[in-house]
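Trainee: model this:
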Amino acid sequence: MTTNRVYSDDNILQKQEVLDLQNERIAGEKLVNLDQLKNVLAGSEQKRLIRERMAVLIERDMLLNDGYTEYDQGRIERLQVVWRKLKRLRKIYFELLQTEEEREQLLDLVERLDRSLAMRWFVQFSLFVPTILSQGNEEQRKKWYNAALNMQMIGGFAMTELGHSSFLRGIETVAEYDAQTQQFTIESTRTTATKIWIGLTGTVATHAIVFANLVVKGKNCGIQLFMVPIRDPQTGEMLSGITVGELGPKAGRGGLDNGFIQFTAVKVPRENMLMRWAKLSADGVFTPPPTPALVYGGTVTERVGSILGTVIATESALTVATRFSIVRRQGPSDEKIIDYQTQQLRLLPSIATSNLIKLTSARATVIYNDLMSHLKANKEDYYLKHLPELHALSCGLKAFCTWWGSDCLEKCRRAMGGYGFHALSSIPSLIGEYGVMTTGGGDNVVIAQQCAAFLLKQFQYVVSGKKEKVVSSASYFIGCNENENANAIAVRSKEDLLCPVRILGIMRQVVFETLKSVSLKMTEQSGSGKQIRQIWNDNLSELVQIALLHCSQYVLESGLLVVQQLSTSGPASSSTTQLSLSQVFKQLSLIFALEQLESSLGRVLQYRLLAPEQAGWAKEHLIDQCLAIRPMTATLIDAWNIPDYILRSPLGRYDGNIYVSFLSAVKDIYKNRFPNGVVPYWETEIAPTLAKL
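Mentor: Residues are numbered from 1 along each chain as shown. The predicted structure follows:
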């Protein structure tokens, strides 16, 4: 009878969990149309339907969808399994799917499901292959492009060195040209010149695109790119002069074989220098590229991709943490923990921010695709004109988004209490695997400076009267300089801070005033005889903040652009009780704006954009707006359309049945490890110890 009573309680508990989430959905869908929201976030109804079809395709694939097995795999097994998945993914992508929309949605889902697999794909097909396209001349593209697409060449992107990562001008690898033999000698000149953290090179890459200093007749001609074979494709053995290996355990992405490479007098022919832009004749005459930044064009791909990578990681973590918070009950009255103010301030602004970053990602991707389409069409003048702006913008957005993303994941872990520490929450693996985003592909502190340097240049154009040179993403500097926005950003009542457009104006003025302050200080320091490097370092913290502040307003602007589009051409509400989609995104934009305003309050007060007595209004409004969207929380999460098998967390289940599912998964893992319920070292280690007591 006791056993029956326990099972009865379990059924009641399970029913309560499920009902809690069901009731939240019913309440949420009275306020917002879920399908319409899904369509906007997916890009269109057609894209949403394609995404759902791709989700079914992956779910039915027993290799790609391997459940919770990753949590219990050894390192070598994990590398091998992910390699098999990569081959399967390539087959599906190129042979089964017919449209770019299908392929785009497939990769989005794959990155959510297995980040090691996604990164292996990224290195081969988003770094190695596109670099051949963007940096190779016509002959080189014919020789290598299709081979790389067909994985007859497996390639690493060998930029980072043991002693030099984001500071590319410090690279020590040398490629010295001999006109007599028409060969380069690739050399790791010191231990610190070892190429390191190079994806795919640890175990499988046959080639690497190597960043090295070109030396011709004793003269350093700057960093160029070289195609260097590193392994025999038949045996996998290292080629002559190559030392290559795998880096071993990392905080995450155990299925990605990051490696190191050392070059000792490695010979490659002249034709292996990528020569779409820079040229080297047989007799050693070097023609530099139109701009040195072209060498780094491949990094733009990674930085634009990191914006979507942030969305993918945070949507998964927020889905798990929010559903858990809706179901989990604690406190004297057994309240849902989502109804505690502290929990709302942890999660709801992050839901808003993740949505706005998603819109920003779509916007940046359109710009990137436009640039690449002109390059593929050999319209190189257009590409050269617009690359610097996208390079600077992608640097700043990577820093802003990935720093925020890293903080968001930790908030989600803490929001789940002790459960957030368990692998089956999926949060620890997300933290470990996403963490590299703040340093990989360029440390955020370094690349934020590249954005800041670009913005300083735009600022100088504005104040010196050269408005025609200002790029579109910095065009708001003109209005700030001419004080055109004074009335629009003036705050006279508490209600004025409920306007996200007004807050956008305030944020932009903060960027401009900070630029003005730093520029003035640097000019004064220059007049005192200080070296430019010292002046830059003396202002480094503010320069990084300029980049982040600029990108913060860009993210808000992205949200407001969608609000504007939806208000004129969005779908109508399906009932009188529902908010329009423009109202929903305006509310999300406002929450993001208020949180950003509060985080910059010191500067806002410093530049007298708010009076001291107004300083608390942003926080008060933020709390109120979180309460306002609280009834639609479950619907906002559901709109991300992430299936349970991709979340891989029983604690974030769609149906809310978290406790029974979590315990069942734990038991399955235990049974797999200890089939008879006894640890294998009991007889040799535990029993002898007990016998002595």
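Trainee: Phe211 belongs to a strand, doesn't it?
Mentor: Yes. Assignment of Phe211 by DSSP: H, G, I helix; E, B strand; the rest coil places it within a strand.
Trainee: surely it is in contact with Gly222?
Mentor: No. Using Cβ atoms under 8 Å, Phe211 makes no contact with Gly222, being 10.6 Å away. The C-beta positions use only the backbone N, C-alpha and C, and glycine is treated the same way.
Trainee: which of the two has more neighbours?
Mentor: Neighbour totals were compared for Phe211 and Gly222, and Phe211 leads with 23 against 14 (other Cβ atoms under 10 Å).
Trainee: ok, the closest residue to the more buried one other than its chain neighbours to Lys411 distance?
Mentor: Nearest residue to Phe211, sequence neighbours excluded (Cβ to Cβ, 6 or more residues apart in numbering): Met159, at 4.6 Å. From Met159 across to Lys411, the span is 32 Å (Cβ to Cβ, to the nearest Å).
Trainee: of the two, who's got more company?
Mentor: Met159 (29 against 20).
Trainee: what's the burial count for the closest residue to Arg190 other than its chain neighbours?
Mentor: Leaving aside its sequence neighbours, Arg190 sits nearest to Glu172 (Cβ to Cβ, 6+ apart; 5.8 Å). Neighbourhood size, Glu172 [other Cβ under 10 Å]: 18.
Trainee: ok, the residue nearest to Phe211 - contacts?
Mentor: By Cβ atoms under 8 Å, 6 or more residues apart in numbering, the contact set of Met159 is 168, 171, 195, 198, 211, 299.
Trainee: residues of the one helix or strand Ser373 maps to that come out buried?
Mentor: In this structure, Ser373 sits in helix 341-376 according to DSSP states H and E. Within helix 341-376, the residues scored as buried using 16 or more other Cβ atoms under 10 Å are 343-364, 367-368, 371-372, 374-375.
Trainee: what packs against that helix?
Mentor: If contacts are counted by 3 or more Cβ pairs under 8 Å, 6 or more residues apart in numbering; DSSP states H and E, helix 341-376 sits against helix 129-135, helix 297-327, helix 380-415, helix 540-569, helix 581-599, helix 617-629, helix 633-638.
Trainee: rerun at 6 Å
Mentor: Judged by 3 or more Cβ pairs under 6 Å, 6 or more residues apart in numbering; DSSP states H and E, helix 341-376 is in contact with helix 297-327, helix 380-415, helix 540-569, helix 581-599.
Trainee: which one of these has the most crowded surroundings?
Mentor: Among these, helix 297-327 has the highest mean neighbour count (mean count of other Cβ atoms under 10 Å), at a mean of 25.
Trainee: and it with helix 540-569, angle?
Mentor: When axes from the mean of the first three to the mean of the last three Cα atoms, to 10 degrees is applied, the directions of helix 297-327 and helix 540-569 differ by 70 degrees.
Trainee: any weak-confidence spans in this protein?
Mentor: By pLDDT under 70, the weakly predicted segments of the chain are 1-14, 166, 293, 295-297, 574-576, 693.
Trainee: which parts of it are strands?
Mentor: 155-158, 173-178, 183-188, 195-198, 207-216, 219-229, 242-246, 259-263, 266-269, 279-280, 286-287, 329-330, 335-336 (DSSP state E).
Trainee: what residues does the fourth one touch?
Mentor: Contacts to strand 195-198, defined as Cβ atoms under 6 Å, 6 or more residues apart in numbering, come from residues 156, 158, 160-162, 258-261.
Trainee: distance check, Val491 against Gln578.
Mentor: Separation of Val491 from Gln578 (Cβ to Cβ): 31 Å.
Trainee: er, Thr201 I mean
Mentor: Distance from Thr201 to Gln578, by Cβ to Cβ: 53 Å.
Trainee: same thing with Ser519?
Mentor: Taking Cβ to Cβ, one finds Ser519 at 48 Å from Gln578.
Trainee: ok, the residue nearest to Arg190 - contacts?
Mentor: Counting by Cβ under 6 Å, 6+ apart, Glu172 has contacts 189-190, 193.
Trainee: including neighbour count and distance to Ile658, could those go into JSON lines?
Mentor: Formatted as JSON lines, those follow (neighbours: other Cβ atoms under 10 Å; distance: Cβ to Cβ, whole Å):
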{"residue": "Thr189", "neighbour count": "12", "distance to Ile658": "56"}
{"residue": "Arg190", "neighbour count": "12", "distance to Ile658": "54"}
{"residue": "Ala193", "neighbour count": "22", "distance to Ile658": "51"}
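Trainee: number of nearby residues for Val56?
Mentor: By the criterion of other Cβ under 10 Å, Val56 has 10 neighbours.
Trainee: to clarify, my last question referred to Asp644.
Mentor: Neighbours around Asp644, by other Cβ under 10 Å: 15.
Trainee: and if you look at Gly465?
Mentor: 8.
Trainee: do the one 5 residues further on as well
Mentor: Neighbour count of Val470, defined by other Cβ under 10 Å: 18.
Trainee: quick one, helices of the stretch 51-200 of the chain?
Mentor: 75-91, 100-113, 115-121, 129-135, 138-149 (DSSP state H, counting those that start in this stretch).
Trainee: quick one: distance of the second one to the chain centre.
Mentor: In this view, helix 100-113 has its centroid 15 Å away from the chain centroid, taken as Cα atoms, centre = their mean, to the nearest Å.
Trainee: let's have the helices and strands packed on helix 341-376 in JSON lines, adding distance to Ser475.
Mentor: Listed next are those as JSON lines, based on distance: least, Cβ to Cβ, whole Å:
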{"stretch": "helix 297-327", "distance to Ser475": "21"}
{"stretch": "helix 380-415", "distance to Ser475": "11"}
{"stretch": "helix 540-569", "distance to Ser475": "11"}
{"stretch": "helix 581-599", "distance to Ser475": "20"}
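Trainee: so for Val56, which of the ones you listed sits nearest?
Mentor: helix 297-327 (18.9 Å; Cβ to Cβ).
Trainee: picking up where we left off before, what's the most buried one of the strands of the chain?
Mentor: Highest mean neighbour count among the strands of the chain (mean count of other Cβ under 10 Å): strand 155-158, with a mean of 29.
Trainee: partner strands of that strand and their direction?
Mentor: Looking at strand 155-158 with DSSP bridges, its partner strands are strand 207-216 (parallel).
Trainee: residues contacting the closest residue to Arg363 other than its chain neighbours?
Mentor: In this structure, Arg363 finds its nearest non-sequential neighbour in Ser558, 5.1 Å apart by Cβ to Cβ, 6+ apart. Shown in contact with Ser558 (Cβ under 6 Å, 6+ apart): 359-360, 363.
Trainee: swap in Ser126?
Mentor: Applying Cβ under 6 Å, 6+ apart to Ser126 gives the contacts Thr301.
Trainee: closest to Lys143 among the contacts of Ser558?
Mentor: Closest to Lys143 out of the contacts of Ser558 is Arg363 (35.8 Å), distances taken as Cβ to Cβ.
Trainee: if we ignore the residues flanking it in sequence, what's nearest Ser600?
Mentor: Closest residue in space to Ser600, ignoring its immediate chain neighbours: Val510 at 5.8 Å, by Cβ to Cβ, 6+ apart.
Trainee: separation between that neighbour and Gln545?
Mentor: Taking Cβ to Cβ, one finds Val510 at 10 Å from Gln545.
Trainee: cool, Arg190 as well?
Mentor: With Cβ to Cβ as the criterion, Arg190 and Gln545 are 35 Å apart.
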